[in-house]
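1. Structure for the following, please:
(one chain, ligands or ions: 1)
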Amino acid sequence: MLFHILTIFPEMFKGFLNESILKKAQGSKVIKIHLHDIRDYSANKHKKVDDTPYGGGAGMVFTPQPLFDCIKAVKKLAPKAPVVYLTPAGKRLTQTMVEKLNKKFEQLILLCGHYEGIDQRVIDSLVDMELSIGDYVLSGGELAAMVVIDAVSRLVPGALGNDESHREETFSKKLGRKKEYPHYTKPAEFRGMKVPEVLQSGNHGAIEKWRRAHLR
Ligand code: ADE
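-> Numbers count the residues shown, from 1 in each chain. Below you'll find the model as predicted:
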């Protein structure tokens with residue numbers, strides 16, 4: 001999976017991409033990240049990318065020119081990839097959607113907005129999908145893009161190392177979320193709190209039964 005990230009803050013991704021599973025997955029080439037700085041595409045001599053909104057109101061809006069040129073350039077590299085705009089007004093990201101993105105596409109173009117938003121003409125002519133990671137407003141799309149990258153990457157075959165594997169996923173349709181059983185590790189007793197006997201028994205049938213009974 002190749003992720004193209006369109007952002008005015010490429011540095012924000014450095015720490016996130018250079019740790020843990022994403023670092024390993026890039027090392028083993030199962031995922032690739034290409035950062036594109038929107039500001040590099042600004043035709044303005046001061047590399048300006050925003051302006052005041054028509055009709056008035058608070059804040060600034062991304063101007064169309066740098067976004068058009070940046071998206072067009074990236075589309076040339078990835079003609080089949082959808083342009084995904086991260087915005088609180090988008091469709092809510094769910095695990096089902098994460099699975100679809102992983103199955104359907106080899107590359108994703110993630111557009112990170114800022115300020116009050118981006119010029120509507122960019123959305124109307126170049127954006128394929130608007131995604132929100134939740135009902136709250138972040139100061140930019142970067143954190144949301146990281147969430148998409150993380151959730152999609154762990155589904156890419158080979159992205160999780162040998163010792164990490166997909167745990168059996170149990171979804172509760174009623175609650176609309178994943179169910180988990182409680183996890184314990186060493187020591188068997190910590191500050192007087194004991195790990196349930198059955199989990200130490202080695203009896204796989206009994207352990208399975210206990211875990212099913214304790215899903216929450
Ligand atoms: N940009 C700002 N807030 C966001 C959110 N909740 N989801 C996706 N992108 C955003």
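2. After the strand of greatest length in the chain, heading C-terminal, what element do we hit next?
-> Secondary structure assigned by DSSP state E gives strand 83-92 as the longest strand of the chain. Beyond strand 83-92 in the direction of the C-terminus, DSSP states H and E gives the next helix or strand as helix 95-104.
3. Please work out the angle formed by the directions of the next helix or strand after that next one and helix 95-104.
-> Past helix 95-104, heading to the C-terminal end, the next element that is a helix or strand (DSSP H and E) is strand 107-112. For strand 107-112 against helix 95-104, the angle by axes from the mean of the first three to the mean of the last three Cα atoms, to 10 degrees is 130 degrees.
4. strands paired with strand 107-112, and their directions?
-> Strand 107-112 has its sheet partners listed here by DSSP bridges as strand 2-7 (parallel), strand 83-92 (parallel).
5. From the chain's centre, how far out is the shortest one? Work that out for me.
-> Spelled out, it's strand 2-7. 11 Å (Cα atoms, centre = their mean, to the nearest Å).
6. quick revisit: list the buried residues for the longest strand of the chain?
-> For strand 83-92, a neighbour-count test (16 or more other Cβ atoms under 10 Å) marks 83-88, 90 as buried. Heads up, the C-betas are built off the backbone N, CA and C, glycines and all.
7. Now the residue nearest the centre of the chain: phi and psi?
-> Most central in the chain under Cα atoms, centre = their mean is V148, positioned 1.2 Å from the mean C-alpha point. In this entry, V148 is assigned phi and psi values of phi -60, psi -50 (degrees, to the nearest 10).
8. In contact with the closest residue in space to it that isn't next to it in sequence, which residues?
-> Taking Cβ to Cβ, 6 or more residues apart in numbering, and ignoring the residues beside it in sequence, V148 has L110 as its nearest neighbour in space, at 6.2 Å. Under the criterion of Cβ atoms under 8 Å, 6 or more residues apart in numbering, the contact list for L110 reads 3-6, 84, 86, 141, 145, 148-149.
9. will you turn those residues into JSON lines that also has distance to T52 and pLDDT?
-> Listed next are the contacts of L110 as JSON lines, based on distance: Cβ to Cβ, whole Å; pLDDT from 0 to 100:
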{"residue": "F3", "distance to T52": "32", "pLDDT": "98"}
{"residue": "H4", "distance to T52": "29", "pLDDT": "98"}
{"residue": "I5", "distance to T52": "27", "pLDDT": "98"}
{"residue": "L6", "distance to T52": "22", "pLDDT": "98"}
{"residue": "V84", "distance to T52": "27", "pLDDT": "99"}
{"residue": "L86", "distance to T52": "23", "pLDDT": "98"}
{"residue": "G141", "distance to T52": "21", "pLDDT": "98"}
{"residue": "A145", "distance to T52": "26", "pLDDT": "98"}
{"residue": "V148", "distance to T52": "30", "pLDDT": "98"}
{"residue": "I149", "distance to T52": "32", "pLDDT": "98"}
